[in-house]
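Novice: sequence first, then the predicted structure, then my questions.
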Amino acid sequence: MPVIYSNGRICTLGPSGVVTQILVDDTGSVAAVGSQVTGHPLAAIATRYDLQGRTILPGPVDSHDHLLWHANQDLTEADLVGSSSVDELLQRLADHDKRRPEGWLCGHGFDQERFPDRAFPTKADLDKVAPNRPAIISRVCEHLVVVNSKALELAGVSSDDGILTEDRMDPVYALIPEPGVDEWEEIAEHAMQLALRGGFTGVHCIVSSKAEITALTRLHKSGRLPIRVRIQLRRDLTEFAKSLGLTTGFGDEWLSIGSAKLFIDGSMGARTAMMSEPYDDDPNELGELIYTPERLNDLAKSAHDNGFQLAIHAIGDKGIDVALDAIEFAAGADAGTARHRIEHASILRPDQIERFARTGIIASVQPQFVVTDFWTVRRVGENRKGWVYPFATMWNAGVKMAGGTDSPVERLSSLEAIGRAVTRDAPWRGPEISEGYIESECLTVEQAWRLFTEGSAYAGFNERILGTLEPGMRCDFIGLGADPFTVDPRTIETMQPTLSVTGGVVRWSATS
């Protein structure tokens, strides 16, 4: 049944500008907007939905998240995000220990940079809470964990302080039981609701197991997939997918195969992001390359030749060099048309920005990092300050960009991500957090919104159906109680969606 959404301030982000009503046809596409609705053949039989004065904008798409992993953590782990000291972290972990006394004790999201002495928790700290059961907590970047003595014993790993980074974490994670397919299906349902409430109508979801793919497929087949999901495959799953004939683009507009995910370096927080020059706050450290450049070249070419879009995690400028080289080695002049991506692209030199623009390689960026990782300038030093998340410079240079959250590394909130792209770590946050503030790198509200709509649509090969609310496009939007174009920009990140619509159907409402 056709629907007319009316009595709102509908920002189409297209030539139609701002209108008060929009007509949706039976396929879930926009049939008419504004004055075109009156007199349209479908208008006479359409039902009406009162937007009650809401501001409506095209639905943001998270171009980089671990949505099912996020949902699993939300259901089973201690939330350590925002802990201001090791003592607070341990108290949260102890409270969770009481709620879930069996099996592994897990927590996520701590950031030692927020502690008074900036010291990491250690295995001795975790042993106080869990002397007899294995325990593991992950740093907010997920590239470093701390484990207790029992976990080290079970994994056969030696560490004086229990701190493990990158592949040194693998033996421990290998022991933690994975959810079964049925459990993953429940987790996936929870994930969909988290995404809707977070203001996302689509996600590029990184998965790590066949069971997660099966769970998403089950939801889709049974009509329980309320958002558009593009599956980003971990590298070891690409052979499995290829054996089934599943390469980039396979599927439909609701569930499809996206890119093959590769890593080349780590994170700034763990000082494992690979830099071309030493870290300013640790002159003996350059970071880590997970593969040799030659090995990454081979992996990238294999994935490209097998029909996969590439998505290479690269944060440090040296890591980005190696990733760009690998993409051009794999695809040559087709690097841009294949829409290969670099995930994060956090520390960018001016010559690299020019290279992104020239090749058409996509930068999948996460604006929340600018505030969460406020200490990044300490890592790189004042001389490289301008290389830190240079979003406006990238935008103005014509770099293809897509916006993401990297949840659960960051909060699954489209408004927080968009707001932080606009304000960055502005001075009003406080003298310490504003140390990396560069006003000239702030995006406008419109640019930030397009980053998560048109930008993510392009990265997902969906720009012909997503990104605006013009006739012929799919009717995916979120509703807000205030207009982000007119409010104090500092309040955007705290705004909450009140309505989520995909394919012309209301999927979630704050009042229902």
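Specialist: Here it is on my side, so go on. Numbering: from 1, shown residues only.
Novice: what's downstream of the longest helix that the chain contains, the next helix or strand?
Specialist: Counting residues, the longest helix found in the chain (DSSP state H) is helix 181-197. Note on helix 181-197: by DSSP states H and E, the next helix or strand toward the C-terminus is strand 202-207.
Novice: which strands and helices sit next to the lowest-mean-pLDDT helix or strand in the chain?
Specialist: Here the helix or strand of the chain ranked lowest by mean pLDDT, DSSP states H and E is helix 235-243, holding a mean of 85. Judged by 3 or more C-beta pairs under 8 Å, 6 or more residues apart in numbering; DSSP states H and E, helix 235-243 is in contact with helix 210-221, strand 255-263, helix 293-305. Heads up, the C-betas are built off the backbone N, CA and C, glycines and all.
Novice: show me which positions of that helix end up buried.
Specialist: Neighbour-count burial for helix 235-243, counted by 16 or more other C-beta atoms under 10 Å, picks out 237-238, 241-242.
Novice: redo these as CSV? Include distance to Ala273.
Specialist: Formatted as CSV, the buried residues of helix 235-243 follow (distance: C-beta to C-beta, whole Å):
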residue, distance to Ala273
Leu237, 24
Thr238, 24
Ala241, 28
Lys242, 30
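Novice: between those, which is closest to Asp298?
Specialist: Distance to Asp298 across the buried residues of helix 235-243 (C-beta to C-beta) is lowest for Thr238, with 13.4 Å.
Novice: the closest residue to that closest one other than its chain neighbours - how many residues pack around it?
Specialist: In this structure, Thr238 finds its nearest non-sequential neighbour in Ala260, 4.7 Å apart by C-beta to C-beta, 6 or more residues apart in numbering. Using other C-beta atoms under 10 Å, the number of residues around Ala260 comes to 30.
Novice: my guess is Ala260 meets Ile231, correct?
Specialist: No - when contacts are counted by C-beta atoms under 8 Å, Ala260 is not listed as touching Ile231 (10.6 Å).
Novice: any idea how far Gly202 is from Trp254?
Specialist: 9 Å (C-beta to C-beta, to the nearest Å).
Novice: and what of Thr76?
Specialist: Distance from Thr76 to Gly202, by C-beta to C-beta: 25 Å.
Novice: which of the two has more neighbours?
Specialist: Gly202 (27 against 16).
Novice: quick revisit: any common contacting residues for Trp254 and Gly202?
Specialist: 228-229 (C-beta atoms under 8 Å, 6 or more residues apart in numbering).
Novice: need the contact list for Ile56.
Specialist: 5, 8-11, 22, 469, 477-480.
Novice: now with 7 Å?
Specialist: Contacts for Ile56 (C-beta atoms under 7 Å, 6 or more residues apart in numbering) come out as 8-11, 477, 479.
Novice: quick check: domain ranges of the protein?
Specialist: 3-59+471-509, 105-173, 258-458 (automatic domain parsing).
Novice: only the buried residues of the helix or strand hosting Val172, if you could.
Specialist: Assigned by DSSP H and E, Val172 belongs to helix 170-173. Neighbour counts over helix 170-173 (16+ other C-beta under 10 Å) mark Val172 as buried.
Novice: restricting to C-alpha, output that helix in PDB.
Specialist: Taking C-alpha atoms only, helix 170-173 is exported to PDB below (Å, rounded to 0.1, in the frame of the first residue of the first chain):
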ATOM      1  CA  ASP A 170      44.800 -15.200  19.200                       C
ATOM      2  CA  PRO A 171      45.700 -18.200  21.500                       C
ATOM      3  CA  VAL A 172      43.500 -16.700  24.200                       C
ATOM      4  CA  TYR A 173      40.500 -15.800  22.000                       C
END
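Novice: now the helices for the stretch 251-400 of the chain?
Specialist: 293-305, 317-331, 350-359, 368-372, 376-380, 391-397 (DSSP state H, counting those that start in this stretch).
Novice: put the alpha carbons of the last one into CSV.
Specialist: Listed in CSV are the C-alpha atoms of helix 391-397, where the atom choice follows Å, rounded to 0.1, in the frame of the first residue of the first chain:
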residue,chain,number,x,y,z
PHE,A,391,38.6,15.2,6.9
ALA,A,392,38.0,18.7,5.4
THR,A,393,41.2,18.6,3.5
MET,A,394,40.3,15.2,2.2
TRP,A,395,36.8,16.4,1.2
ASN,A,396,38.1,19.5,-0.5
ALA,A,397,40.6,17.4,-2.4
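Novice: how far does the helix or strand just after it sit from its chain's centre?
Specialist: Toward the C-terminus, helix 391-397 is succeeded by strand 401-403 as the next helix or strand (DSSP H and E). With C-alpha atoms, centre = their mean, to the nearest Å as the basis, strand 401-403 stands 10 Å off its chain's centre.
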